[in-house]
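Asker: 3D, please:
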Amino acid sequence: MTRWAKDATEFEVSVNNSRNKDGSYSKTCRIPKPIVEMLRDPSSIKFKIKGRNIVIVAG
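Answerer: Numbers count the residues shown, from 1 in each chain. Have a look, this model is predicted:
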């Protein structure tokens, strides 16, 4: 398991292909623990496109 520095502000994670039951593909990745804690252990997350940026919101 990856350990993150306490003062880390950037988190690079790998993105993997995951095959769905219908044969199509999705992308999966793991959310770093500091991000999950900052979002207060959300049950879902939402990705919002704002121009050329992406905003992540806890659900």
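Asker: From Ala5, how far out is the residue nearest the centre of the chain?
Answerer: Centroid-nearest residue in the chain, with CA atoms, centre = their mean: Ile31, separated by 4.1 Å. Here the criterion is CB to CB, to the nearest Å. By it, Ile31 lies 17 Å from Ala5. No exception for glycine: its C-beta is placed from N, CA and C like everyone else's.
Asker: What residues of the element among helices and strands of the chain having the smallest mean pLDDT count as buried?
Answerer: Within the chain, confidence by mean pLDDT, DSSP states H and E is lowest for helix 33-38 among all helices and strands, at a mean of 90. Judged by neighbour count (16 or more other CB atoms under 10 Å), helix 33-38 contains these buried residues: Ile35.
Asker: List the contacts of Ile35.
Answerer: 11, 56 (CB atoms under 8 Å, 6 or more residues apart in numbering).
Asker: On the C-terminal side of the least confident helix or strand of the chain, identify the next helix or strand.
Answerer: Moving toward the C-terminus from helix 33-38, the next helix or strand (DSSP states H and E) is strand 45-50.
Asker: Any idea what Asn16 is bridged to?
Answerer: Counting by DSSP bridges, Asn16 is bridged to Thr28.
Asker: so what pLDDT did it get?
Answerer: As predicted, Asn16 sits at a pLDDT of 94.
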